[in-house]
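Please find the sequence and the predicted model below.
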Amino acid sequence: MPAVRTSRSKKAPEGFSEIEDTLLEFENRLKDAEAESSDGKTKNESLWPIYQIHHQRSRYVYDLYYTREKAISTKLYQWLLKNRYADAKLIAKWRKQGYEQLCCLRCIQTKDNIHGGTCVCRVPHKQLKSEKPVQCVTCGCRGCASTD
């Protein structure tokens, strides 16, 4: 007989109570975006708000740990990543040169794009020939190239 898996959620590390309200606000916004009606929108367009909120929540955790002179401890940061309050893979990309403004991981996956390259939102605005604003089909980003 297989072992019964019980959830053993460890208590949050010290300092979580200070950022908990902001994380709950992101969670509530995410639930509202998921429940929002998608009448008149394409499948991708209905997912754009979810991608944007996910990005904002991950950026919030990233900023707390890396740019605000370690406003949170390493232990709390690791706990937040483990409990999926932030996207660890996206944050890992933000730490690499050229990906500081990346909107989502799908924009750099070549198999998900039409011509086998990166998404149009990754092209710097200076290099685009059109005067029309560019918007990513996948996540709704208007440009996340680091040189913009």
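Great, that's in hand.

Residue 18 versus the residue nearest to the spatial centre of the chain, what's the distance?
The centre of the chain sits closest to residue 55, judged by C-alpha atoms, centre = their mean, with a distance of 2.5 Å. Residue 55 is 22 Å from residue 18, where distance means C-beta to C-beta, to the nearest Å. In short, each C-beta sits where N, CA and C put it, glycine included.

what helix or strand is the residue nearest to residue 76 when sequence neighbours are not counted on?
Distance criterion C-beta to C-beta, 6 or more residues apart in numbering; nearest residue to residue 76, sequence neighbours excluded, is residue 13 at 4.5 Å. Assigned by DSSP states H and E, residue 13 belongs to no helix or strand.

Quick check: phi and psi on residue 100?
phi -60, psi -30 (degrees, to the nearest 10).

Compute the distance between residue 33 and residue 125, please.
Distance of residue 33 to residue 125, computed by C-beta to C-beta: 27 Å.

of those two, who's got more company?
More neighbours surround residue 33 than the other of residue 33 and residue 125, with 17 against 12 (other C-beta atoms under 10 Å).

Does the more buried one belong to a helix, a strand or coil?
Recorded secondary structure, residue 33: helix (DSSP: H, G, I helix; E, B strand; the rest coil).

What score does it have for pLDDT?
On the pLDDT scale, residue 33 is placed at 91.

OK, contacts around it?
Taking C-beta atoms under 8 Å, 6 or more residues apart in numbering, we find residue 33 in contact with 49, 50, 53.

Give me the distance between the residue nearest to it when sequence neighbours are not counted and residue 138.
Once flanking residues are discounted, residue 33 sits nearest to residue 49: 4.0 Å by C-beta to C-beta, 6+ apart. Distance from residue 49 to residue 138, counting by C-beta to C-beta: 13 Å.

again, but for residue 50
From residue 50 to residue 138 the distance is 12 Å (C-beta to C-beta).

Thanks a lot, see you next time.
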